[in-house]
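Asker: This is the structure alone, sequence omitted:
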């Protein structure tokens, strides 16, 4: 099995957090109290479709999104605790760090970069809204692939 910096979908490894000294305010987006967030990882094609769906809807805006070095996997930052109940086939949800990075421009997982960087709102993606968007994205991809 290939290793993905985001973990979860392509590897059972837990994402490797960057040091606590590298994120503004000492906590990642969306969790000023505990200093961590969870990460939903999906194949890039499905993730890109979901980003488009989330950005087109009236739902709350999509939060920060990571991509791995090979751009095979996307990761959506979601509130802490999401991993405890996440069970969407074709995706995985893991905890990032119990501590955070210091510069908002730097992602909380080594070997990744921002597709959508965090902004001043510290908003992460709502897991229920993300689940719906990922399901819709999977249906759109299946329909497109069946027409080839």
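Answerer: Perfect, thanks for sending it. These numbers come from a predicted model, not from an experiment. Numbers count the residues shown, from 1 in each chain.
Asker: tell me the mean pLDDT over the helix or strand containing residue 42?
Answerer: Using DSSP states H and E, residue 42 falls within strand 38-43. Average pLDDT, strand 38-43: 96.
Asker: Other residues contacting that strand?
Answerer: Applying CB atoms under 8 Å, 6 or more residues apart in numbering, the contact partners of strand 38-43 are 4, 6-10, 15, 50, 66, 72-83, 86, 88, 90-96, 108-109, 125, 127, 130, 134. In short, each C-beta sits where N, CA and C put it, glycine included.
Asker: Could you list which of these belong to helices?
Answerer: 50, 127, 130, 134 (DSSP state H).
Asker: Can you report how many residues lie near the first one?
Answerer: When neighbours are defined as other CB atoms under 10 Å, residue 50 has 29 of them.
Asker: for it, what are its contacts?
Answerer: Contacts of residue 50 by CB under 8 Å, 6+ apart are 42, 76, 130, 133, 134, 136, 137.
Asker: ok, so of the residues you listed, who is nearest residue 36?
Answerer: The shortest approach to residue 36 among these belongs to residue 76, at 14.8 Å (CB to CB).
Asker: ok, the closest one - contacts?
Answerer: Contacts of residue 76 by CB under 8 Å, 6+ apart are 39-42, 47, 50, 62-66, 124-125, 130.
Asker: confidence score at it?
Answerer: On the pLDDT scale, residue 76 gets 95.
Asker: Please tell me how far it sits from residue 63.
Answerer: Per CB to CB, to the nearest Å, residue 76 is found 7 Å from residue 63.
Asker: about what we covered before: sort out for me which of the contacts of strand 38-43 are in strands.
Answerer: 66, 73, 74, 75, 76, 77, 78, 92, 93, 94, 95 (DSSP state E).
Asker: Format the contacts of residue 76 as CSV; extra columns: distance to residue 56.
Answerer: Converted to CSV, these look like this (distance: CB to CB, whole Å):
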residue, distance to residue 56
39, 23
40, 19
41, 22
42, 18
47, 15
50, 11
62, 10
63, 16
64, 18
65, 15
66, 21
124, 19
125, 14
130, 14
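Asker: now the residues you listed: which count as buried?
Answerer: 39-42, 47, 50, 62-66, 124-125, 130 (16 or more other CB atoms under 10 Å).
Asker: what's the span of stretch 63-76, first residue to last?
Answerer: Counting by CA to CA, to the nearest Å, you get 7 Å between the two ends of stretch 63-76.
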